[in-house]
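Sequence and predicted model, in that order:
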Amino acid sequence: MTPDLNIDKTMFLTDLLQWLKLDINRFMIALTHGEPYETIIYLWIDKLYYKGKSKDEALNLILKAQRIHLQGILHN
């Protein structure tokens, strides 16, 4: 991986976490401990980054996925 790709991916991740109102430090700690919510969010962000989605597209897709997931929880 090239340094520019790492910087771009890091900016993509941090911008989305800020837009999702998630504290970056807490998020990373929870992620390293394998917390399910943070792991799912990270995997979504990673997948959307590699698919070439813009930050706006990624944010909208993540928010949509969260709503669908919550609806499933509420209906069970």
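Happy to help now that I have it.

okay, CA-based contacts and neighbour counts for the rest of this
Noted.

mind checking how far residue 25 is from residue 45?
Look at residue 25 and residue 45: by C-alpha to C-alpha, to the nearest Å, they are 16 Å apart.

should've said residue 61
The gap separating residue 61 from residue 45 is 10 Å, by C-alpha to C-alpha.

neighbour-wise, which of those two wins?
A side-by-side neighbour count of residue 61 and residue 45, using other C-alpha atoms under 10 Å, places residue 45 first with 23 against 16.

any idea which element the nearest residue to that one once chain neighbours are set aside lies in?
Residue nearest to residue 45 in three dimensions, not counting chain neighbours: residue 13, with 6.6 Å by C-alpha to C-alpha, 6 or more residues apart in numbering. Element membership for residue 13 (DSSP states H and E) is helix 3-19.

which is the next helix or strand following that helix?
Moving toward the C-terminus from helix 3-19, the next helix or strand (DSSP H and E) is helix 24-32.

Dump the longest helix seen in the chain to PDB, restricted to CA.
Ranked by residue count under DSSP state H, the longest helix found in the chain is helix 55-74. What follows is helix 55-74, C-alpha atoms only, in PDB (Å, rounded to 0.1, in the frame of the first residue of the first chain):
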ATOM      1  CA  LYS A  55     -17.600  10.300   1.600                       C
ATOM      2  CA  ASP A  56     -21.200  11.600   1.100                       C
ATOM      3  CA  GLU A  57     -22.300   8.300  -0.600                       C
ATOM      4  CA  ALA A  58     -20.600   6.300   2.100                       C
ATOM      5  CA  LEU A  59     -22.300   8.300   4.900                       C
ATOM      6  CA  ASN A  60     -25.700   7.900   3.300                       C
ATOM      7  CA  LEU A  61     -25.200   4.200   2.800                       C
ATOM      8  CA  ILE A  62     -24.000   3.700   6.400                       C
ATOM      9  CA  LEU A  63     -27.000   5.700   7.800                       C
ATOM     10  CA  LYS A  64     -29.400   3.700   5.700                       C
ATOM     11  CA  ALA A  65     -27.800   0.400   6.900                       C
ATOM     12  CA  GLN A  66     -28.100   1.600  10.500                       C
ATOM     13  CA  ARG A  67     -31.800   2.400  10.100                       C
ATOM     14  CA  ILE A  68     -32.500  -1.000   8.500                       C
ATOM     15  CA  HIS A  69     -30.600  -2.800  11.200                       C
ATOM     16  CA  LEU A  70     -32.400  -0.900  14.000                       C
ATOM     17  CA  GLN A  71     -35.800  -1.600  12.300                       C
ATOM     18  CA  GLY A  72     -34.900  -5.300  12.400                       C
ATOM     19  CA  ILE A  73     -34.100  -5.100  16.100                       C
ATOM     20  CA  LEU A  74     -37.200  -3.200  16.900                       C
END
